[in-house]
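A.B. asks: mind folding the following:
(2 chains)
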Amino acid sequence: MKYENQVITLLSEATKLNKADIKALLEKPPELKMGNYAFPCFSLSKKEKKSPDKIAEELLKKIKPNKKINKIERKGPYLNFFINSSLLNKKVIKNILEEKNTYGKTKQSKNKVMIEYPGPNTNKPLHLGHVRNMCLGQALCNILKSDGKKVIQTNINNDRGIHICKSMLAYQKFGKNNTPEKENLKSDFFVGKYYVLFTQKVKNKPELEDEARDLLHKWESKDLKTITLWKKMNKWAFKGFKETYKKFGIKFDKEYYESEMYEKGKKIVKEGLKNKVFYKDKTGAVIINLKKEGYGEKVLLRADGTTVYITQDIYLAKKRYYDFKYDKLIYVVATEQNYHFKVLFETLKKLKYSFADKCHHFAYGMVNLTTGKMKSREGTIVDADTLINELKGFAKKEIMKRHKLTKKEMDERSEKIAMAAIRFYLTKYDSVKDILFNPKESISFEGETGPYIQYAHARCSSILRKNKEKIVKVKYSMLKTPLEQKIINLLSSYPEIVKKASESYKPFLIARYLLELSQTFNEYYHKHRVLKEEPITRNARLKLISAIKQVLKNGSSLLGFEAIDEM
RNA sequence: GGACCUAUAGCCUAGAGGUUUAAAAUCGGGCAAUCUGGAUAAGGCAUCAGCCUUCUAAGCUGAGGAUCGGGGGUUCGAAUCCCUCUAGGUCCA
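C.D. replies: Residues are numbered from 1 along each chain as shown, chains lettered A, B, ... in the order given. Sure thing, here's the model as predicted:
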């Protein structure tokens, strides 16, 4: 920030303080009309044995305004600096229009961040919980990338285990060699159907539980028939996931499969046992003692030598480290696994792995339905694909009220709007909170929503499109109304917001920023005209509108939805 | 039984010590004082009242609606920190 340095230089000359100290003291006034930077004189008053008011008064006499800082005021103990607003306007807007899509981005660094999401089970389709996971995961990826990190997207496929065997068993018994193609069903839904069916049937036939367990043993002993069935059904599940990932634009750099590593990690645990990091309990199971940390004792390896979830997670964290040498590994996993990750990270620490403190659990709250908790096995879920289609339908209705479009255009536009609604809804809340999802009310297109952002953007586009005059000379000093000043200020703060969202892993900060910018713009839109103004004002405003449009676009892309030109 | 998380208007969400102040890290006046010393918990949905001959009303303006779950503590000052209780959620055994 050139202007900040200017202010610092002026102050350091007058106060004889070093620049770093001044930088630390410098604040932003609570309101724009009070100036762009404020220097509080309290800390000086102790040294000089004078009142802060007086010090400010004296400093004011010493410091002369210049071209860039064209006004300096004393207000009580504060010295307020005003940046020459026409220069500031020009700088902010030009900067945005020159940098375009890279405005707000930090230079690429070598810092590597690995993000794991959404970690599906291959016995059921992706539901709303996964959708929240995917939206948050992607937003995080985008934000971190924008902050100059090298992002590696990874996934863990939970493709084996008793739950998978349950849907396999139900298919074996009742599937009659049917296929998704024959039933014209999305292939992961087809698999999920049998998982639900198992739950229904087991109510009257409890022995099915034992049969499922037998199937798991057969799978583990690599029984050919079982493996063939497993491969067939997993293929269906993955095919369905792939389609959904495509809709969300998710691409992984590396996918891991539980089936390939569920037994790995044993070695690490055994070594830990030898090194007395872990212990054996009465039953013979290997445990870690985390009583001091408040997490009790946790089994890492069962007495019969079989593994538990955490066994492979220890291995996987290590493997990933050796595969990619990440500086940070972020697990995007629901809050219900908070305890699991606390234990995992503590375990890694006790094993003295260098990457133990590089791991971070990005926890997000559950998505519940008004009818209760989503339960895949009972079929009480809202799945990703149905939800998208439903919202597309709403969007189409709205579009039809105002435009006549071809089928293709209609389809594309409604999908963009629907996706914006979903993504914004799922990223605008602080991620630790649970969400109560009411299908009819939750995702609307009015108020604090994705379409609201898109609408503001479309309005910008519309104004720019309708302008037929060439913009020759621009006098940025014409942007002087309070709303214009507020907008300029918001626009200039965008890069800081991205930085903050990246450092604190809080995508919702971007959402809130976009809302504030859109709200301010909409207010502006109603209060002031652009195209009917005299050229001198019009040109300046057109530039401002272009800048707003650009920032709305950049912010939207961080949350993963598209800014559109017409709605 | 234990651990962790959450609690803000009818509903949803923001607010990570400043409502005296943009300052409690400070100077002065004063024997001293609750002195000098000064106001607002922000949005959205829903409700009600307005605004389309003016760049798309998926928008805008206005009104009403909150002693920030209860109690205690720390502090000059608490929605914010600490303790405790209550309610809800999640997990572990």
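
A.B. asks: close to RNA strand B: what parts of the stretch 151-300 of chain A are there?
C.D. replies: Within the stretch 151-300 of chain A, the positions adjacent to RNA strand B are A:294-296, A:298-299 by C-beta under 7 Å from any atom of the strand. From N, CA and C alone the C-beta is placed, and that goes for glycine too.

A.B. asks: swap the cut-off to 10 Å and go again
C.D. replies: Contacts of the stretch 151-300 of chain A with RNA strand B, taken as C-beta under 10 Å from any atom of the strand, map to A:281, A:283, A:285, A:287, A:290-291, A:293-299.

A.B. asks: out of these, grab the one that's most surrounded.
C.D. replies: Within these, most neighbours by other C-beta atoms under 10 Å means residue A:298, with 20 neighbours.

A.B. asks: not counting its neighbours along the chain, what's nearest it?
C.D. replies: residue A:343 (5.0 Å; C-beta to C-beta, 6 or more residues apart in numbering).

A.B. asks: number of nearby residues for that neighbour?
C.D. replies: Other residues close to residue A:343 by other C-beta under 10 Å number 21.

A.B. asks: what helix or strand is it on?
C.D. replies: For residue A:343, the element it lies in under DSSP states H and E is helix A:338-350.

A.B. asks: again, but for residue A:487
C.D. replies: Per DSSP H and E: helix A:482-504 holds residue A:487.

A.B. asks: what's that helix packed up against?
C.D. replies: Packed against helix A:482-504 by the contact rule (3 or more C-beta pairs under 8 Å, 6 or more residues apart in numbering; DSSP states H and E) you find helix A:85-99, helix A:128-146, helix A:508-527, helix A:535-559.

A.B. asks: could you give the angle of the third one to helix A:128-146?
C.D. replies: If I follow you right, that is helix A:508-527. Going by axes from the mean of the first three to the mean of the last three C-alpha atoms, to 10 degrees, helix A:508-527 is angled at 80 degrees with respect to helix A:128-146.

A.B. asks: now for helix A:508-527, which elements pack on it?
C.D. replies: On a contact count with 3+ C-beta pairs under 8 Å, 6+ apart, helix A:508-527 meets helix A:407-427, helix A:450-466, helix A:482-504, helix A:535-559.

A.B. asks: the same query, at a cut-off of 6 Å, please.
C.D. replies: helix A:450-466, helix A:482-504, helix A:535-559 (3 or more C-beta pairs under 6 Å, 6 or more residues apart in numbering; DSSP states H and E).

A.B. asks: what separates the second one from the chain centre, distance-wise?
C.D. replies: Averaged C-alpha coordinates place helix A:482-504 at 18 Å from its chain's average position (C-alpha atoms, centre = their mean, to the nearest Å).

A.B. asks: state the mean pLDDT of it.
C.D. replies: Averaging pLDDT along helix A:482-504 yields 91.

A.B. asks: what does the longest one give?
C.D. replies: Helix A:535-559 comes out with an average pLDDT of 96.

A.B. asks: angles on the backbone of the closest residue to RNA strand B within the stretch 151-300 of chain A, please.
C.D. replies: Nearest residue of the stretch 151-300 of chain A to RNA strand B: residue A:294, at 4.5 Å (C-beta to the nearest atom of the strand). Residue A:294 adopts backbone torsions of phi 90, psi 10, taken as degrees, to the nearest 10.

A.B. asks: so for it, what's the pLDDT?
C.D. replies: pLDDT, residue A:294: 84.

A.B. asks: check contacts around the closest residue to residue A:159 other than its chain neighbours.
C.D. replies: Once flanking residues are discounted, residue A:159 sits nearest to residue A:122: 4.5 Å by C-beta to C-beta, 6+ apart. Going by C-beta atoms under 6 Å, 6 or more residues apart in numbering, residue A:122 touches A:159, A:164, A:234, A:237.

A.B. asks: that'll do, ta.
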